[in-house]
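>>> turn this into a structure:
(2 chains)
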Amino acid sequence: AQKITQTQPGMFVQEKEAVTLDCTYDTSDQSYGLFWYKQPSSGEMIFLIYQGSYDEQNATEGRYSLNFQKARKSANLVISASQLGDSAMYFCAMREGGSEKLVFGKGTKLTVNP
Amino acid sequence: KAGVTQTPRYLIKTRGQQVTLSCSPISGHRSVSWYQQTPGQGLQFLFEYFSETQRNKGNFPGRFSGRQFSNSRSEMNVSTLELGDSALYLCASSPRGSGSYGGYTFGSGTRLTVV
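Here you go, the predicted structure:
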């Protein structure tokens, strides 16, 4: 069963605008972690933000925030004030319980237009 | 501090050959995980090592193997290469192997092409 779903294969946004990348997940664990990674064309996976299942506050890291809706099992990434350098693939991932294994979604390709 | 180092960056091999990829984690990180990324299957977990022991294994054939050394450096080996093994292989290290929060830092990957 697919555990991480990213329904947007591609997204376009104008420079300086905000954009939301969707992510829904499926797990029966009470303890889990949700991650967002950025992958530019160079291939490296760059960690952006993390949300623990027990965290009550939505995570924020600079221009990145995670809109965590536990009951709906969604963990959307919000990028504020988009920059041209934000153009990349974005992956949502989940770690369940005591495992070190990350399960990734298929990714969303974000293009920021000038 | 130095990041996760993967070598080589690019590799071209012939079907039937074997290949060894290397990953040096961030100093102090004891957990190393490997992932395969292909356009068709996306990112898939291969295995994870902690303190020289394989703790988790993904759904890959036995041709894929790995090990970890006492200095936490890890290698993965693919024997009898197939065309479908062409992929970006990413390694990630984390400070703890307990599954608790710890940022997973990825390397730049090794892009393997099998011809």
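>>> and the strands in chain B?
According to DSSP state E, chain B carries its strands in the segments B:5-7, B:10-13, B:19-24, B:31-38, B:42-50, B:53-57, B:64-68, B:74-78, B:87-94, B:105-106, B:110-114.
>>> mean pLDDT and mean neighbour count added to the ones you listed, as CSV?
To be clear about C-beta, it is placed using only N, CA and C from the backbone, and glycine gets the same treatment. Formatted as CSV, the entries for the strands of chain B read as follows, by pLDDT from 0 to 100; neighbours: other Cβ atoms under 10 Å in any protein chain shown:
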stretch, mean pLDDT, mean neighbour count
strand B:5-7, 97, 16
strand B:10-13, 98, 13
strand B:19-24, 98, 20
strand B:31-38, 96, 23
strand B:42-50, 94, 22
strand B:53-57, 91, 14
strand B:64-68, 97, 19
strand B:74-78, 98, 20
strand B:87-94, 95, 24
strand B:105-106, 92, 22
strand B:110-114, 98, 18
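>>> need the ones you listed in TSV with distance to A:Leu102, can you?
Converted to TSV, the strands of chain B look like this (distance: least, Cβ to Cβ, whole Å):
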stretch	distance to A:Leu102
strand B:5-7	17
strand B:10-13	24
strand B:19-24	15
strand B:31-38	7
strand B:42-50	7
strand B:53-57	10
strand B:64-68	16
strand B:74-78	16
strand B:87-94	8
strand B:105-106	10
strand B:110-114	18
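>>> quick one: closest of the ones you listed to A:Leu110.
If you check each of the strands of chain B against A:Leu110 by Cβ to Cβ, strand B:42-50 wins as the nearest, at 16.6 Å.
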